[in-house]
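Peer 1: Requesting a structural model of the entry that follows:
(one chain, ligands or ions: 1)
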Amino acid sequence: MADSKIKTIGVLTSGGDAPGMNAAIRAVVRKSIANGMTVKGIQRGYSGLLNEEIIEMDKRSVSDIIQRGGTILGTARCEEMRTEEGQKKAADICRRHGIDGLVVIGGDGSYRGALALSHLGINAVGLPGTIDLDIACTDYTIGFDTAINTAMQAIDKVRDTSSSHERCSIIEVMGRNAGYIALWCGIANGAEDILLPEKYDYDEQKIVDNIINNRKHGKRHHIIINAEGIGHSTSMARRIEAATGIETRATILGYMQRGGSPTCKDRFYGSLMGAYAADILAAGKNNRVVAFKNGEVTDFDIEEALAMQKSIPEYQYEVSRILSR
Ligand code: ATP
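Peer 2: Numbers count the residues shown, from 1 in each chain. Next comes the predicted model:
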């Protein structure tokens, strides 16, 4: 690997932060160094790249980070990177700093930036770092496991008090466009109803009937997991309370789902995928997205990956409904 064309690899995190990004950064840095390359860290995503916030990284610079949530490099959204001018400037900056390979840890949006850079001659590889699990080419995204476990534990706690007080609880979890966190927690927490952005045409009257019916049959609580993309949990709680006569509270979990020490799974996949990204760049591959598919780490062409579609598995949704009755 040491005689590969690429001499210097840059690494950045972009879009929303996700637990396990640090494990991925650590793996990119240490595997690239093991492959005989120099590594530079780019702070604050594409925004930091355009501001030349670029630091040298050695093996010790990633010590003691594998257990930490967030991203030591920082992350940002950057409008300028969406423009042709911004992309050309970013590619020039990479060249000026000797960065001939770039690992971008983030979601679909971040891959579009990587794709633009690879068209401009910078070898770029994307890594799936998002709590939302909404990247079509991969069965796993770094951060998802920590987020669902954090949400699940919080929902368990709300459920305890909800049962004691015989309340109905609406718990809003993250997922603006994708309902995977809501679906997984819905099954794992035994929620009575799950509202997903993919199934926006839910029927509130059905939920009301369901609550009344469950109460008649002795259920002491009613948990509704509502995805952020549906939102309006507080007003929904008011309407449900008025229609059922049952005290109904809304809890919005918010950013707590993004933070915290990553689970073993996020550290494991972050490490594996980070190392794999370093290796495929060393092997001369360009314009790829690393993915975990059918039990193996693999990679896809970025454009191909962006064109793939992913939808909520109907069977999982069906199971969640049947098990909660
Ligand atoms: P998350 O899943 O957390 O939302 P993401 O990577 O999809 O992650 P975005 O906000 O969509 O998050 O994108 C992150 C950054 O990637 C943007 O702020 C922008 O700098 C860059 N980006 C997004 N779309 C494009 C594009 N079409 N062309 C170039 N760069 C883009």
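Peer 1: out of everything not next to it in sequence, what's closest to the residue of the stretch 1-150 of the chain at minimum distance from the ligand?
Peer 2: Taking C-beta to the nearest ligand atom as the measure, the point where the stretch 1-150 of the chain comes nearest the ligand is Gly109, at 2.0 Å. Placement of C-beta: from N, CA and C, glycine included. In space, and not counting its chain neighbours, Gly109 is closest to Gly15: 5.6 Å by C-beta to C-beta, 6 or more residues apart in numbering.
Peer 1: name the element that neighbour belongs to?
Peer 2: Per DSSP states H and E, Gly15 falls between elements, in no helix or strand.
Peer 1: so it touches Gly107, yeah?
Peer 2: Yes: with contact defined as C-beta atoms under 8 Å, Gly15 reaches Gly107; the gap is 4.6 Å.
Peer 1: tell me the residue furthest from the middle of the protein?
Peer 2: Lys216 (39.5 Å; C-alpha atoms, centre = their mean).
Peer 1: wait, what's in contact with the residue most central in space within the chain?
Peer 2: Compute the mean C-alpha point of the chain, and by C-alpha atoms, centre = their mean the closest residue is Thr130, 1.6 Å away. For Thr130, the set of contacting residues under the criterion of C-beta atoms under 8 Å, 6 or more residues apart in numbering consists of 15-16, 18, 106-107, 141-144.
Peer 1: residues from this protein in reach of the ligand?
Peer 2: Residues of the chain found near the ligand (C-beta under 6 Å from any ligand atom) are 14-16, 46, 77-78, 81-82, 106-110, 112-113, 116, 130, 132.
Peer 1: among those, which are in helices?
Peer 2: Secondary-structure check on the residues of the chain next to the ligand using DSSP state H: residues within helices are 46, 108-110, 112-113, 116.
Peer 1: and these, which are buried?
Peer 2: Those of those that meet the buried threshold are 46, 108-110, 112-113, 116, by 16 or more other C-beta atoms under 10 Å.
Peer 1: Looking from the ligand, tell me which residue of the stretch 151-300 of the chain is nearest.
Peer 2: Closest residue of the stretch 151-300 of the chain to the ligand, C-beta to the nearest ligand atom: Arg176 (8.0 Å).
Peer 1: residues near the closest residue to that residue other than its chain neighbours, how many?
Peer 2: Residue nearest to Arg176 in three dimensions, not counting chain neighbours: Gly229, with 4.9 Å by C-beta to C-beta, 6+ apart. Burial of Gly229, expressed as a neighbour count using other C-beta atoms under 10 Å, amounts to 18.
Peer 1: Backbone dihedrals for Gly229, please?
Peer 2: The phi and psi torsions at Gly229 (degrees, to the nearest 10) take the values phi -60, psi -20.
Peer 1: Show the contacting residues for it.
Peer 2: Residues 175-179, 196-197, 200 are the ones in contact with Gly229 under the rule C-beta under 8 Å, 6+ apart.
Peer 1: so can I have TSV of these showing secondary structure, pLDDT and neighbour count?
Peer 2: Written out in TSV, the entries for the contacts of Gly229 read as follows (DSSP: H, G, I helix; E, B strand; the rest coil; pLDDT from 0 to 100; neighbours: other C-beta atoms under 10 Å):
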residue	secondary structure	pLDDT	neighbour count
Gly175	coil	93	27
Arg176	coil	90	14
Asn177	coil	90	12
Ala178	coil	92	24
Gly179	coil	95	29
Leu196	coil	93	23
Pro197	helix	92	18
Tyr200	coil	77	11
